[in-house]
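> sequence isn't available, so here's the structure alone:
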């Protein structure tokens, strides 16, 4: 008898081997050496997760209880693989081209990416699978208990549950480690698949070994065993047609619809051609698995008449002292249970994560700020949590149901549950008219009837349904009795439930589809699913074609820019030895292009875009999430760029303005220089000309004097011009230092008038003032203010054309300040010229009389601006009139 | 017969200077100080040579020159242009409008005299 501790050690060693194999396979795959990891044999072996502990141990028990009926469980998948392999092939093709990640994803995708359907199927799958996982945990726990026979006293229900808990935790760790190592767009798990292929071999070898031992070791060979079978009642063909048909249908439907089967059959499929091999290899595997079921059952009944037939595979060798065989058998059962749980957990967690957790998370996040976190991390985390949750659910179910008989029937109940997906699945594959409304209706009704007629009653009369309800129907309504719906009494419960749920499910699906109108996306997806073989050619991977190259070029031009894209394509074509822009779309080229595009739009987007063109494939949830994440990042970057470009254009605008100002200034400067040149050259011309005349020869003394005077006058004119220029330059550059002080307006005026009189003037100018109003105190630079007054008085003296020139100086209160007006009695300044007189060099009249360079008023204006006042021309006064305004603030400050 | 010069210039001292130099050399000098009526003055006086300032009151010397060159009677009339601005652009404009010679103020008396002689072939 093997000690319990040794069993645990062997068990741990086996698990360690599985880890190692899975790890090695992952490493190989990471290095790109997929090779045999993805052979048809591995694919076929991975399909063997169909054979769970329920089949490994339970088939014998089933045979003991119901004779040959257990065969139906193998017949369904066999019929599918042999007769319906083309359905599987279509599923695989669609799965690949649409990047389907689960059965829920497939249904959701087919019906216009409806998340409602995804959620429905996910719920169905979780509810249908959880008891099944519990069943596996129970079988492992029970098989442990068998080995602890010696210590039966201590192996009570508590130990069973603890074992189950440990197994569940261990499986969770394995599944998380190898099921969510990374987020692969195609959801392939090389490590897991390799490990379950190994487990498939172990369980087959174990069962065959037990069978061979039973036939040739216990019984006396084939002849003897046939005789024993005939003697027992096991092999009686107790053919109940309805039940057999129902069970074959159920197992076939489950084979297609079970989440874990979908995972290995479609999602993990590496090559469509593997389906062809599996179509004969998998039925062969099933045949071998079922070959010795009857012999073991018969011999078991002989050897251990009172034992649990569900454990004969284990207990028969054990009781006959075949410890090693028993150990192998235990490992076979362990393999069956664990491989199922691992794949189911992966499949369910993918569904839960993609259809329930992620949509909720994305919704929650939508309101908040765009966190540019890696969506992939969130997906992985939600996968891991989901795996833990699925296994926790399975364990809880096992713990609460108390194990035992309640679980035995759960296999078929589970099958019936997931079979509800079949109408929507097949309808979606083969009928373009199938709509989301139809699928939702069919699924909901089928699901409800399954729960009402089979699932809930399976808990007995203690959970949800009372005994009265089961007996007489809800509220005593007889035709609603869960086990005799619409009065169909006396049917087998499973047959009854499957019949009604499938009939009403299919009916609702058909009617719903006929009477509803598909949305555009549904139509598109429907066409792509139903006509998948027309859309994508048979070759795996990327397909080829000139049209595609052209499409790719057009797309690339949009992303990379015309010249870069064309250069890339021409280069590729050249390397292929072709001319022009359209290279063959070889995998190398596609890869190169994808990398190039990824640089611009991100890897996921690039892959999705190229996939759309080359494979006609559609984007998966993962792709979309990755795209969304990339897009968020790109949007962030682009919004930053936008801000920057706005700043740039603002700066550019400022530069443009500044440049325009500079240009204008430069033009002004040129004009100014030109003016200065003229103003300087004119007196110099006279000086030079008369100097040369004086030097050149004899002339009268009168002439000599006259010419000398001209030279003298022009020299003075030059000097004054230079003085004015310097003065103006100082004023304009703001470098002038003003000597602020209190002053009396009257005194300043007095000074100005006196100094203009003293200036040599041959024209008499009468000045009229009213000194009584001139006593205004000021804070100003009185020298500068006097300079302004002098200029204005001098101008009047120079330009006043009247016979008897008179200048009136009028001081008045100007509201805003003090006004000093200078008004002469000449002809004034014509209106068009009034606006230019303050500009530099704007001398209006005859040059001969000016004696100035035309800078006087410009200087006055600058001075008044500096003093906080102004000087303006006062039109409509008869003669020329200027107003000097001194702001009141200055006047008040002095008082 | 003494050759006649028409001096179109508005700066009195410069008029006096040029008049003195040319008179001494035996020219008859007429002067005119306004741009607006300058063309008519040329037609009236029919001088042998015109000395034309650029910056004149009321009309630019270039416009006057253009008018003179447009008229058959004065197309070949020698015109010596004077300017105090002395920029390259003025020289180009003068050439384009057909000035016989272009001089920048301040000028040398001898140069003006030589130029007038040369242009009139005397």
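Nice, I can see it. Here the structure is a predicted model, which means the values were calculated and not measured.

> where does chain B dip in pLDDT?
Residues of chain B that meet the criterion pLDDT under 70 lie in B:1, B:86.

> centroid residue for it?
For chain B, the residue sitting closest to the mean C-alpha position, by CA atoms, centre = their mean, is residue B:51 at 1.4 Å.

> hang on, that residue in a helix?
No: going by DSSP: H, G, I helix; E, B strand; the rest coil, the assignment for residue B:51 is strand, not a helix.

> so which bits of chain B are right by chain A?
Taking CB under 8 Å from any CB of the partner chain as the contact definition, chain B meets chain A at B:10-14, B:16-18, B:20-21, B:55, B:57, B:84-87, B:104-110. Yep, even glycine has a C-beta here, placed from its N, CA and C like the rest.

> residues in contact with the residue nearest to the centre of chain B?
Residues in contact with residue B:51 (CB atoms under 8 Å, 6 or more residues apart in numbering or on different chains) are B:5-9, B:18, B:79-80, B:82, B:112, B:116.

> which stretches in chain B count as helices?
Using DSSP state H, the helices of chain B run over B:12-24, B:38-45, B:61-70, B:88-97, B:109-120.

> what angle sits between the fourth one and strand B:49-53?
Translated: helix B:88-97. Taking axes from the mean of the first three to the mean of the last three CA atoms, to 10 degrees, one finds helix B:88-97 and strand B:49-53 inclined to each other by 150 degrees.

> show me the contact partners of helix B:88-97.
B:54, B:62, B:65-66, B:69, B:81, B:83, B:102.

> residue A:69: which of the helices of chain B is closest?
helix B:88-97 (113.8 Å; CB to CB).

> any buried residues in that closest one, and which?
Buried residues in helix B:88-97, counting neighbours by 16 or more other CB atoms under 10 Å in any protein chain shown, are found at B:90-91, B:93-94, B:97.

> likewise for stretch A:859-874?
In stretch A:859-874, counting by 16+ other CB under 10 Å, buried: A:859-864, A:867, A:869-871, A:873.

> ends of that stretch, how far apart?
18 Å (CA to CA, to the nearest Å).

> let me know the next secondary structure element after the lengthiest helix in chain A.
Counting by DSSP H, the longest helix found in chain A is helix A:621-696. Once helix A:621-696 ends, the next helix or strand along the chain (criterion: DSSP states H and E) is helix A:701-732.

> and that next one, what other elements does it pack with?
helix A:621-696, helix A:856-866, helix B:12-24 (3 or more CB pairs under 8 Å, 6 or more residues apart in numbering or on different chains; DSSP states H and E).

> for residue A:803, give its distance to residue A:826.
According to CB to CB, to the nearest Å, residue A:803 stands 10 Å off from residue A:826.

> does residue A:819 count as helix, strand or coil?
strand.

> ok, how many other residues are close to residue 105?
Here I'm looking at chain A. 28 (other CB atoms under 10 Å in any protein chain shown).

> sorry, should have said chain B
Neighbours around residue B:105, by other CB under 10 Å: 24.

> same thing with residue A:41?
Residue A:41 sits with 15 neighbouring residues when counted by other CB under 10 Å.

> quick one: it and residue A:281 touch, right?
Yes: contact criterion CB atoms under 8 Å: residue A:41 and residue A:281 qualify, at 7.2 Å.

> what about the helices in the stretch 201-350 of chain A?
Using DSSP state H, counting those that start in this stretch, the helices of the stretch 201-350 of chain A run over A:222-231, A:241-257, A:259-262, A:274-291, A:293-303, A:312-319, A:323-352.

> got the phi and psi for residue B:76?
The phi and psi torsions at residue B:76 (degrees, to the nearest 10) take the values phi -100, psi 0.

> tally of neighbours for residue B:20?
18.

> that one: what's it in contact with?
Residue B:20 is in contact with residue A:693, counting by CB under 8 Å, 6+ apart.

> the residue in the stretch 201-350 of chain A positioned nearest to chain B: how many residues sit nearby?
Closest to chain B within the stretch 201-350 of chain A is residue A:350: 82.2 Å, counting by CB to the nearest CB. Using other CB under 10 Å, residue A:350 is surrounded by 28 other residues.

> can you tell me how far the closest residue to it other than its chain neighbours is from residue A:711?
Closest residue to residue A:350 apart from its sequence neighbours, by CB to CB, 6 or more residues apart in numbering or on different chains: residue A:102 at 4.8 Å. Here residue A:102 is placed at a distance of 109 Å from residue A:711 (CB to CB).

> now the longest helix of chain A: average pLDDT?
Averaged over helix A:621-696, pLDDT sits at 81.

> counting contacts, what elements does it pack onto?
helix A:358-367, helix A:375-401, helix A:603-614, helix A:701-732, helix B:12-24, helix B:109-120.

> centre of the chain to stretch A:589-600, how far?
19 Å (CA atoms, centre = their mean, to the nearest Å).

> wait, residue A:61 touches residue A:308, no?
Yes: between residue A:61 and residue A:308 there is a contact under CB under 8 Å: 7.3 Å.

> these two - which one has more neighbours?
Using other CB under 10 Å as the criterion, residue A:61 and residue A:308 rank with residue A:61 on top: 21 against 15.

> quick one, whatever helix or strand the more buried one lives in and helix A:312-319 angle?
Element membership of residue A:61, judged by DSSP H and E, is helix A:58-66. Helix A:58-66 and helix A:312-319 are oriented at 100 degrees to each other (the same axes, to 10 degrees).

> tell me the gap between the helix or strand just after helix A:58-66 and the middle of its chain.
Moving toward the C-terminus from helix A:58-66, the next helix or strand (DSSP H and E) is helix A:71-83. Taking the mean of its C-alpha atoms, helix A:71-83 sits 43 Å from the chain's own mean (CA atoms, centre = their mean).

> which other helices and strands contact helix A:71-83?
helix A:85-97, helix A:241-257, helix A:274-291.

> buried set for that helix?
Neighbour counts over helix A:71-83 (16+ other CB under 10 Å) mark A:71-81 as buried.
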